[in-house]
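Asker: show me how the following folds:
(one chain, ligands or ions: 1)
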Amino acid sequence: MSYEIKGLNEECGVFGVFGTKNAEQLTYFGLHSLQHRGQEGAGIVSSDGTTLKQFRNKGLLAEVFANEADLNALAGTAAIGHVRYGTSGNDSLNNLQPFLFEFYDGQVALAHNGNLTNARALRKNLECAGAVFQSNSDTEILIHLIRQKHELSFKEALKASLNEVHGGFAFVLLQNERLYAALDPHGFRPLCIGQLKNGAYVVASETCALDMLGAKFVRDVLPGELITIDHSGMTIEHYTDQTQLALCSMEFIYFARPDSIIHGVNVHNARKQMGRLLAKECPVQADIVIGVPNSSLSAASGFAEEAGLPYEMGLIKSQYVARTFIQPTQELRERGVKLKLSAVRGVVEGKSVAIVDDSIVRGTTSKQIVKLLKEAGAKEVHMRIASPPLKFPCFYGIDISTRSELIAAEKSVAEIKDLIGADSLGFLSIESLIAAIALPDGRTVPNGGLTVAYFDGNYPTPLYDYEASYRASLAQQQERKG
Ligand code: AMP
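Answerer: The predicted model follows:
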């Protein structure tokens, strides 16, 4: 098995609400503000107190529910929802969430954000014991584990099963009488709780979904917690006490929405500070600073402020193009970047430009951007990246590729500069990244904090299914360099 096989539930968005009328509408709006976490498909399962109903399809949320009747048919007092981030080749309808399972003794719905690192081993065991899976998603494993434990109550079986799955997970589950939310023992993915004015609780991947609903932020879900919400209110338990926070730094760098607050840190402010520290670490002689819309604009504004240079709009982004990152071939990806971004000639012509992006993964975007800016007449293009070089894959639910595709895994900064055609290139250091986010360094603080494993290769957990082939790939690379 190659470690390069990725899970099917990478970075996604989850939402849940319990105990209010129009739960399906609230879920729609909550998911709408989580759309940046996944654009391949969306779905909602609702409960009217007696029956769970499901609707899911491919596409953006507004496309999935283009026909109002489909949402109205889900009218209920509780619901969970999911927006799915696609990885190429896995776009079957069966993989869209929330999943809805029908049992002789009731129904259960399930949605997941993250990636399970021992999914293959668990699935093999389950299938050998007679389980039949409907999808090739690792999410389904949880429900099989729960159902195996028929001697236990649903909640006890859920707790025991959460101890069997490893990796990054934020699960939401719905039964007619109850909603559950659970976070992995390292809290890799963000998950928060809010409360509507009528007292009903909501759970969401990011606080921007709470703001959308006018819900009050209650607290972040903490590592190893199981939250139960029913008609008597909310209870918080731990399904394990072996916890240590390893919050994903890529949420702050790229993934989360700038208005979200994760563990008390506003994402925009963290990005702006990354830009400021980048300007200190990698100063540049330039006429203007521009950012790559949208994820880099916060960092670019911080960079400009610190450098004392004018902040300009030198690139514009078409709002009508789907993302380029997940296109299956390099040629399609390159064409995708062109469709998405255009240089503003009137701004960049004849100028020495400092361009700030949040990250370089394969190098496709940077190369195209340098080309676009030079074609539009930029005299010099200085690329500044508001995160450290991405050298190691993420196994916990962010689609940052395989090591062979990560340009910084193989190439030096000078080589990358030449490959992308920039006049200079600079990255933020790991220390400055942690300082900018201002959460504890998960590598040194006993209770944990941020994980920066994608930059230094120090994963906070064993890699299970991925371990052997990942180690082999490192050894091969060492040999090539040797
Ligand atoms: P690349 O073109 O492969 O170097 O990808 C870099 C671009 O992708 C940057 O402009 C980032 O904003 C964006 N990016 C970084 N991480 C991810 C991710 N996990 N999924 C999608 N896009 C990403």
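
Asker: hang on, Lys159 in a helix?
Answerer: Yes - counting by DSSP: H, G, I helix; E, B strand; the rest coil, Lys159 is located in a helix.

Asker: quick one: contacts for it?
Answerer: Applying CB atoms under 8 Å, 6 or more residues apart in numbering to Lys159 gives the contacts 226, 237, 239. From N, CA and C alone the C-beta is placed, and that goes for glycine too.

Asker: give the buried residues for stretch 345-353.
Answerer: 347-348, 351-353 (16 or more other CB atoms under 10 Å).

Asker: among these, which ones are in helices?
Answerer: 347-348 (DSSP state H).

Asker: can you name the two of the buried residues of stretch 345-353 that sit furthest apart?
Answerer: Val347 and Ser352 (12.5 Å; CB to CB).

Asker: joint contacts of the two?
Answerer: Ile288.

Asker: over to the closest residue in space to Gly214 that isn't next to it in sequence. Which of the three states is it?
Answerer: Spatial nearest neighbour of Gly214, chain neighbours left out: Lys197 (6.7 Å); criterion: CB to CB, 6 or more residues apart in numbering. Secondary structure state of Lys197, per three-state DSSP, is coil.

Asker: can I get the buried residues of stretch 345-353 in JSON lines with distance to Val64?
Answerer: As requested, the buried residues of stretch 345-353 are exported to JSON lines (distance: CB to CB, whole Å):
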{"residue": "Val347", "distance to Val64": "37"}
{"residue": "Val348", "distance to Val64": "38"}
{"residue": "Lys351", "distance to Val64": "43"}
{"residue": "Ser352", "distance to Val64": "45"}
{"residue": "Val353", "distance to Val64": "39"}
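
Asker: ok, the residue nearest to Gly214 to His32 distance?
Answerer: 19 Å (CB to CB, to the nearest Å).

Asker: so between these two, which is more surrounded?
Answerer: When Lys197 and His32 are compared on other CB atoms under 10 Å, the one with more neighbours turns out to be His32, at 20 against 10.

Asker: which SSE is immediately downstream of the lowest-mean-pLDDT helix or strand in the chain?
Answerer: Least confident element among the helices and strands of the chain, by mean pLDDT, DSSP states H and E: helix 330-340 (a mean of 78). Counting by DSSP states H and E, the next helix or strand C-terminal to helix 330-340 is strand 341-343.

Asker: roughly how far is that next one from the heart of the chain?
Answerer: Offset of strand 341-343 from its chain centre (CA atoms, centre = their mean, to the nearest Å): 25 Å.

Asker: which other residues reach it?
Answerer: With CB under 8 Å, 6+ apart, strand 341-343 has contacts from 292-293, 314-318, 368-369, 372-373, 375-376, 378.

Asker: what's the helix or strand for Ala62?
Answerer: Per DSSP H and E: helix 61-64 holds Ala62.

Asker: tell me the buried residues in that helix?
Answerer: Buried residues in helix 61-64 (16+ other CB under 10 Å): 61, 64.

Asker: check the offset of the following helix or strand past it from the chain's centre.
Answerer: Past helix 61-64, further along toward the C-terminus, the next helix or strand under DSSP H and E is helix 68-72. Distance of helix 68-72 from its chain centroid, counting by CA atoms, centre = their mean, is 28 Å.

Asker: show me what helix 68-72 is packed up against.
Answerer: Packing partners of helix 68-72 (3 or more CB pairs under 8 Å, 6 or more residues apart in numbering; DSSP states H and E): helix 23-32.

Asker: residues from this protein in reach of the ligand?
Answerer: 254, 292, 295, 325, 357-366, 398-400 (CB under 6 Å from any ligand atom).

Asker: take the residues you listed and keep only those in strands.
Answerer: Asp357 (DSSP state E).

Asker: same question for stretch 423-439, mean pLDDT?
Answerer: The pLDDT scores in stretch 423-439 average 98.

Asker: mind listing what's buried along it?
Answerer: For stretch 423-439, by 16+ other CB under 10 Å, it's 423-430, 432-434, 436-437, 439.

Asker: out of those residues, which are inside strands?
Answerer: Those of the buried residues of stretch 423-439 lying in strands (DSSP E): 424-427.

Asker: the residue in the stretch 1-150 of the chain positioned nearest to the ligand: which element?
Answerer: Using CB to the nearest ligand atom, Glu11 is the residue of the stretch 1-150 of the chain that sits closest to the ligand, at 6.3 Å. Using DSSP H and E, no element contains Glu11; it sits outside every helix and strand.

Asker: what's the burial count for it?
Answerer: 29.

Asker: list the contacts for it?
Answerer: 37-38, 85, 113, 255, 397-399.

Asker: any idea how far it is from Phe188?
Answerer: Taking CB to CB, one finds Glu11 at 11 Å from Phe188.

Asker: if Asp441 is in a bridge, with which residues?
Answerer: Leu450 (DSSP bridges).

Asker: how many residues are close by it?
Answerer: Residues near Asp441, counting by other CB under 10 Å: 17.

Asker: you'd agree it is up against Gly449?
Answerer: Yes - with contact defined as CB atoms under 8 Å, Asp441 reaches Gly449; the gap is 5.6 Å.

Asker: how about stretch 311-321: buried residues?
Answerer: 311-312, 314-315.

Asker: of these, which belong to helices?
Answerer: Going by DSSP H, the helices hold none of the buried residues of stretch 311-321.

Asker: thinking again about what came up before, which strands or helices does the least confident helix or strand of the chain pack on?
Answerer: Using 3+ CB pairs under 8 Å, 6+ apart as the test, helix 330-340 ends up in contact with helix 364-375.

Asker: who touches the next helix or strand after the helix it packs on?
Answerer: Next in sequence after helix 364-375, counting helices and strands by DSSP H and E, comes strand 380-385. By CB under 8 Å, 6+ apart, the list of residues contacting strand 380-385 from outside reads 278-279, 282, 284, 286, 303, 352-360, 366, 369-370, 373-374, 417, 420-428.

Asker: now do stretch 45-56
Answerer: 23-24, 27, 41-44, 64-65, 70-71, 73-82, 93, 96-98, 100, 107-109, 111, 174-177.

Asker: and Ala307, how far from Glu151?
Answerer: 64 Å.

Asker: make that Phe65, sorry
Answerer: For Phe65, the distance to Glu151 (CB to CB) stands at 40 Å.

Asker: how about Gly275?
Answerer: 55 Å.

Asker: which one's more surrounded, these two?
Answerer: It is Gly275, of Gly275 and Glu151, that has more neighbours when counted by other CB under 10 Å, with 29 against 7.
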